[in-house]
Every structure is written in C-alpha cells, then in structure tokens.
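[1] A predicted structure for the sequence below; I have some questions about it.
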Amino acid sequence: MIETHELTRRFGDVLAVDRLTLTVHPGEIFGFLGPNGAGKTTTIRMLAALIEPTSGQATVAGYRIGKDDNRLRAKVGFLTETPGLYDRLSAEANLAYFAHLYGVADVPGRVEHYLRWLGLWDQRYEPAGTLSKGMRQKLAIARALLHDPPIVFLDEPTSALDPEAAHLVRDFIAGLRAEGRTIILCTHNLDEADRLCDRVAVFKHRLLALDAPATLRSQLFGRTIVFHLGQADPGHVAVLERFPFVTSARMVDGRLLATVQHPEVENPTLVKALIEAGAEVQFVGELRQSLEDVYLRLVRTNGEGDVGAKHPSTAR
Amino acid sequence: MHKVWIIIRKEWSEVFRNRLVLFSVAFLPLILTALPLAILAGLGGASAGDVIAASDMPESFTQLCGALSAGDCGAYFLVSEFMLLFMLLPLAIPVTIASYSIVGEKITRTLEPLLATPVTTVQLLGGKSAAAVIPGILMTWAAFGVFSIGVRLLATPQVAARLRDPMWLLAIFIVGPLLALAAVSIAVMVSSRTSDPRVAEQVSMLVMLPLFMVLVGQVTGLILLNAQLVLYIAGGLTVVDIGLMAFAINLFQRETILTRWR
C-alpha cells in the first residue's frame, strides 16, 4: 500500500528525514513514533504529496509521489495536527466544502452519514468555531474520511482531547481498520500506539526500529518471567543463572525475575529446577515491558545499538 | 461542480460573515457614490458648473468639453474628477477580500487540509482570486450605475450623456477589472510571503499609486485622459496582469507555503 525507498528530505542544512525505506501493508495500522522534530510530520507530508522529497522514492496507493500527486491526494485522507476548520462555517458546511473538492458523488448523504456517526448531527448548523475541542477533532477526522480513502494519515489524532473523546477516537480508528483501510498514525501517546498499531516505526530522522510492539519489546528486553516464591532466597538466583538461555536473573521485592527469549519452552525447566532447589513456586507470570520502555531506549541511544531494529533497507 | 466555483462559493460564504470585511466592501462604494452626488447637489445641481470658472480648470480639459456650455463644462470637470475615484473601488475591495481569504487560511490553519485535497494550485488561486475580484467589480459597476442616475437627476442631460463616453466606459468596464486583477495578483504574491493580512493589504494597495498619479495629473492638467490613453492603459495593464498572475502562481508553491508560513 505504501512503499518508500531511501526517502530523504532536507530543509537547507537540516536533515529532516534520512533514507527512510519501509513498507506499510494494506489494512494495517502503522504507528510512527518519535520525539518532536524527528521528521514524522515531514514524512507523512511527503507521503500525502504535500511536499517533495529531496531524494528517494515513494509509492502510495499505486501512485508515485511527484508524478501523480493529484490522483494520489484523492486516495488518501489527511488529518493534520490541528483540526484546521473554517470557524465561521457550520460543521455541515465545512464537510460539504471538502466533499465537493474531493469530488464525492452524494455530498449531502455522505456528510450526514459522518455527522451522525460521530454524534455531531445535532450540531450540524453550529459554526465550527463554537464546537468543543473534541467535536472539532471529530469533525476533522470526518473530513479526512469523506471521500472514502483507502489510506488515512492521522497526525496526533487524540492530542488535546479529554479521555472520553480520546477513547471515542481510538474506537473510531480501530473501526477504520475493520473496514480494511490502511492507517498511518503519528502519535506521542505510546499506550495508544501499543493498543492500536499492528506495527510501529520508531523514528528520529532515520528509522531506528520497525516491528510489532510485542516483537520490539521482546527483541529489546527479552521476556521477563516473575516467579512468586513462598520464601525469598537469594540463592535461587544462582539456580536460574546456570541455564544458558537465561540472560539475567535477579531478586526484586522478594520476587525472582528471569529474562529469557522463549518462556513457553523454557519455563517448565526453570520451575522444575527451582522446585528441586527447594523453592515453593506459588505463581509464575510475565512482566510486560511497555512500549514506552522500548521507545525511550531507542530514542535515547539515537539508534546506537538499537537491538531489534531491522536494517532500514530491509524493513518490511 | 467545478472546483473553482466550489472555492468561490465557500470564500463568499465565509468572507461575508466577517463583519470587518463586509464593512470594508460596503463602506467605500457607499462613500464614493454618495459624496460626489452630495457635493454636486450642494453646489447647486444643474448649475454647479457655474461655480467653477474656466480659469479653475486645466486648459487642456476645456478642449474635452467641446460643444458643452461653460456651466456644463464646469459640471463635467467636477464629475470627471469623481469618475477617477471609481477606479479605486475595484482595487480596494478585492484586496481586502483576497488578503483575508488567503492569509486567513494560514491563521485558521486550514491551508494544509485544503492543499491535501486534489485541487491544483491554478484552481485554488483562480477560485480565491475570482472570489475577491468579482464582488469588487460588481460593486463598482453598481456604484457607477447609481452615480450615473444621480448625475442625470442633478446635472443637465448633456453632462449626464458624457458619462456614456467610450473613454469612461472603457475605464469603468475594462481598466477597472484589470486593475482589480493586478491588485489581487499582488495580494496573492505578498500573501505567500507573509502571515499577516494587513501587510498583504497594505502592500497590494501600492497598485493605487499610479492611479493617484493619473488623478493628480488630470486635476493639474499634466495628463489629459482620453479614449486613446485609456486604451493604451488597458493594453499595458493586460500585459502586466498576465505577468503578475503567472508570477503569483509561480510564487504560490504548496511546499513553500507549508514550510514557510509559520
């Protein structure tokens, strides 16, 4: 659905995006994560044919950027970081204007559909400037979807929303995936990315890592198993450290933690060894690393030693 | 529906909800129509020309009067000075609208979603420019119509007939719209380099300077406006307009605007 090859963008001496190569598959929610100024917005602007790359290529919905830009724009929906609505026009007039520009066949019908779906039907005649932040954001999302685009770029869709409105928008995004659309989500909300995205790209001018959130967690941190023991004994750490597949073992707050790669295979061996060493194993669970941990490690090291990061030129 | 027309409709529905713009658009035509008629009426209507002696007029102007009586010639001189002011209208109104409609997109942050649609730069600028130029021209023509009726009522039929002179018809119906196009093209150019509508408006108003020079020239007798000169001005403006529009489109690059308008 989206393929980029060595996509690069410079603004004078500033390198905003450096040789980005990736593929986004049809129907997936693809997260773009990175600090402010990392080049996320520049990247999606290039992919939405709003700005041109300095070098490299990209194909979006079958169209090459820089070649078929108008056709490409008709195939993508774009939610900008700020809603960008015409405040003096009504909610309905805002949507109708864009529906006409996108060449939507049944403008009144499509506008009504989205206004009802997003719960804005009763506010349809109200000037956009008088709507709440949440309503404005929903209106902007509706605007990005009016022409039924197969690819939707969402730049910070839940920023500045209250928890309830953010929840509604996240449900809405999940609903878009169910419709088979490809979503590219730029967000600082790592919990949101973890819950919504099939794959994430951690990005700081260049690609630092790209994979499913669970895979990145596993590759970066391994999988940490927590053993709840009847009586904490520091000697049990040594029991686990004997095994070559245990990359680390430690006692934390009376619990025994071990990092392994394949707990489904390796846990029975560890439990058996602990019991033989006299431990009373009460409960075994997995300590889940957050995507935030993954993100912070990748971004702070700026890609140096980025465990789990596939080479940009082969990221698929 | 054609995209240019879609943009024009939206511009009008939004711009005319802005009371400041609406006031600017309505106020000037009202003043420039009412004031000359009030002066004409105040000076005695049909006998207004008697107040202006032949020595008060540039010598060259009296040649234009031809068979008009001395009184009618004076009245015609008065009327023709005001006629030049009507050429200011198609400049002032479109510049106000264009400055707000283009730079306004930046202020409300609506430009990026707009540029993300499959609208070409020519369609976008065509729609915005037309939305600015059309009300200016229509208001000018309407004001000229009211002024003509007023002159017909207040001055002699001979003086009123002079308003249908090809020179004035050319000036109002051809030069006026061409001046409006020039002003809007400059407003578009300035808009692509500023994020303040006032700057765009003020710089675009510089187009008025040559017009003021013509006005002063006419009053002092240095320039005698006649059909041939107006035709030359129209020809020159056509060339200038084509160049300005091409330059404006060239300057109005999506990328430049997105990355520089901060």
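    Yep, it's here. Residues are numbered from 1 along each chain as shown, chains lettered A, B, ... in the order given.

[2] Close to chain B: what parts of chain A are there?
    A:11, A:45, A:48, A:50-52, A:70-71, A:73-74, A:76, A:78, A:80, A:82-89, A:93, A:97-98, A:100-103, A:140, A:143-144 (C-beta under 8 Å from any C-beta of the partner chain). (Each C-beta comes from the backbone N, C-alpha and C, glycine too.)

[3] Please flag which of these sit within helices.
    Residues from the residues of chain A next to chain B lying in helices, with DSSP state H as the criterion: A:45, A:70-71, A:73-74, A:93, A:97-98, A:100-101, A:140, A:143-144.

[4] now the residues you listed as JSON lines including distance to residue A:298, pLDDT and neighbour count?
    JSON lines is the format used below for those (distance: C-beta to C-beta, whole Å; pLDDT from 0 to 100; neighbours: other C-beta atoms under 10 Å in any protein chain shown):
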{"residue": "A:45", "distance to residue A:298": "23", "pLDDT": "92", "neighbour count": "27"}
{"residue": "A:70", "distance to residue A:298": "37", "pLDDT": "87", "neighbour count": "13"}
{"residue": "A:71", "distance to residue A:298": "36", "pLDDT": "89", "neighbour count": "13"}
{"residue": "A:73", "distance to residue A:298": "32", "pLDDT": "91", "neighbour count": "24"}
{"residue": "A:74", "distance to residue A:298": "35", "pLDDT": "90", "neighbour count": "17"}
{"residue": "A:93", "distance to residue A:298": "44", "pLDDT": "95", "neighbour count": "19"}
{"residue": "A:97", "distance to residue A:298": "41", "pLDDT": "95", "neighbour count": "25"}
{"residue": "A:98", "distance to residue A:298": "37", "pLDDT": "95", "neighbour count": "23"}
{"residue": "A:100", "distance to residue A:298": "43", "pLDDT": "94", "neighbour count": "20"}
{"residue": "A:101", "distance to residue A:298": "39", "pLDDT": "93", "neighbour count": "26"}
{"residue": "A:140", "distance to residue A:298": "30", "pLDDT": "92", "neighbour count": "23"}
{"residue": "A:143", "distance to residue A:298": "33", "pLDDT": "93", "neighbour count": "27"}
{"residue": "A:144", "distance to residue A:298": "29", "pLDDT": "92", "neighbour count": "22"}
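
[5] Tell me where the model's unsure across chain B.
    Residue ranges of chain B with pLDDT under 70: B:1, B:44-61, B:195, B:197, B:218-219, B:221, B:260-262.

[6] buried ones in the helix or strand where residue A:152 lies?
    In this assignment (DSSP states H and E), residue A:152 forms part of strand A:151-155. Residues of strand A:151-155 classed as buried by neighbour count (16 or more other C-beta atoms under 10 Å in any protein chain shown): A:151-155.

[7] Please enumerate the strands of the chain.
    No chain was given, so I picked chain A. Shown for chain A, the strands assigned by DSSP state E span residues A:2-11, A:14-24, A:29-33, A:55-60, A:63-64, A:76-79, A:151-155, A:182-186, A:199-204, A:206-211, A:223-229, A:248-252, A:255-260, A:281-287.

[8] wrong one, chain B
    Taking DSSP E as the criterion, chain B carries no strands.

[9] Closest to the centroid, which residue in it?
    Chain B has residue B:90 as the residue nearest its centroid, 1.9 Å off, counting by C-alpha atoms, centre = their mean.

[10] Once you drop chain neighbours, what's closest to whichever residue of the stretch 101-250 of chain A sits closest to chain B?
    Nearest residue of the stretch 101-250 of chain A to chain B (C-beta to the nearest C-beta) works out as residue A:101 at 4.4 Å. On the basis of C-beta to C-beta, 6 or more residues apart in numbering or on different chains, the spatially nearest residue to residue A:101 that is not a chain neighbour turns out to be residue B:117, at 4.4 Å.
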